[in-house]
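S.K.: here is a sequence with its predicted model. Questions after.
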Amino acid sequence: MAPKPSKPAQSLGPVVSASHLADGGLPALSEMEFALVILSNAFQRWITRCTAAAGGAGLSSVEVQILHAVNHRERDKSQAELCMMFNIEDTHVVAYALKKLEGLGLVEPGRRGKEKTARITRAGAELCLTYRDLREKLLIESVATLGLDEARISELAGLMRVMSGQYDQASRSAASY
């Protein structure tokens, strides 16, 4: 007796967390949103754990990002610049992060005219370098084995920045809806 032919696999559709959102137009956008949520959570967990392993236990993901940004190009950063860089609307989030980093001796206050700035300290720069070394060993070496095309990764990053503008515009529209 011949085996029964198997049914063709049904298309499951996009992988989403809210099928009711994928029922409308552009279901691929719902798939991207779910992927971004998963990626964002994994990334935040990674940077806090890598920082802890580097000697910076107790920092939140925002605080880690602010630390690296203040260290970027060894140029003082203002709270407004940091908010703009990370698209953070609530300035208190950045102010709290800077205060905590300052209390830990990782950044120090500075001034640019009347504007208060933050600059990296030696301890902050050393933590960033230790993080970089761990990132190379624990993440970059592993990701490199995947054989991903760096140009494609950059292209995806560009698309993500473009989409952030679309979400910002939609957010402004929703605020006045």
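M.R.: Received it, and whenever you're ready, just let me know what you need. As the structure is a computational prediction, the values presented were derived from the model and not from experiment.

S.K.: all helices of this structure, in order?
M.R.: 19-22, 27-53, 61-71, 79-86, 91-103, 122-135, 141-144, 150-175 (DSSP state H).

S.K.: could those be laid out in JSON lines, adding mean neighbour count?
M.R.: C-betas here are computed from N, CA, C, even on glycine. What follows is these, written out as JSON lines (neighbours: other CB atoms under 10 Å):
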{"stretch": "helix 19-22", "mean neighbour count": "14"}
{"stretch": "helix 27-53", "mean neighbour count": "15"}
{"stretch": "helix 61-71", "mean neighbour count": "22"}
{"stretch": "helix 79-86", "mean neighbour count": "16"}
{"stretch": "helix 91-103", "mean neighbour count": "17"}
{"stretch": "helix 122-135", "mean neighbour count": "17"}
{"stretch": "helix 141-144", "mean neighbour count": "10"}
{"stretch": "helix 150-175", "mean neighbour count": "10"}
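
S.K.: indicate which one of those is closest to Gly113.
M.R.: helix 79-86 (12.7 Å; CB to CB).

S.K.: helices and strands around the closest one, which ones?
M.R.: Judged by 3 or more CB pairs under 8 Å, 6 or more residues apart in numbering; DSSP states H and E, helix 79-86 is in contact with helix 61-71, helix 91-103, strand 115-120.

S.K.: the last one: how far from the chain's middle?
M.R.: The chain centroid and the centroid of strand 115-120 are separated by 22 Å under CA atoms, centre = their mean, to the nearest Å.

S.K.: which parts of it are buried?
M.R.: Buried residues in strand 115-120, counted by 16 or more other CB atoms under 10 Å: 117-120.

S.K.: give me the residues contacting it.
M.R.: Residues outside strand 115-120 that contact it (CB atoms under 8 Å, 6 or more residues apart in numbering) are 67, 70-71, 74, 76-80, 82, 98, 101-102, 106-111, 128.

S.K.: need the helices of the chain in TSV (columns: mean pLDDT and distance to Leu12).
M.R.: Listed next are those as TSV, based on pLDDT from 0 to 100; distance: least, CB to CB, whole Å:
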stretch	mean pLDDT	distance to Leu12
helix 19-22	89	10
helix 27-53	96	11
helix 61-71	98	32
helix 79-86	97	35
helix 91-103	98	38
helix 122-135	98	35
helix 141-144	97	27
helix 150-175	97	23
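
S.K.: nearest approach to Glu141 belongs to which of the helices and strands packed on helix 79-86?
M.R.: helix 61-71 (19.9 Å).

S.K.: ok and the closest one relative to helix 91-103, angle-wise?
M.R.: 70 degrees (axes from the mean of the first three to the mean of the last three CA atoms, to 10 degrees).
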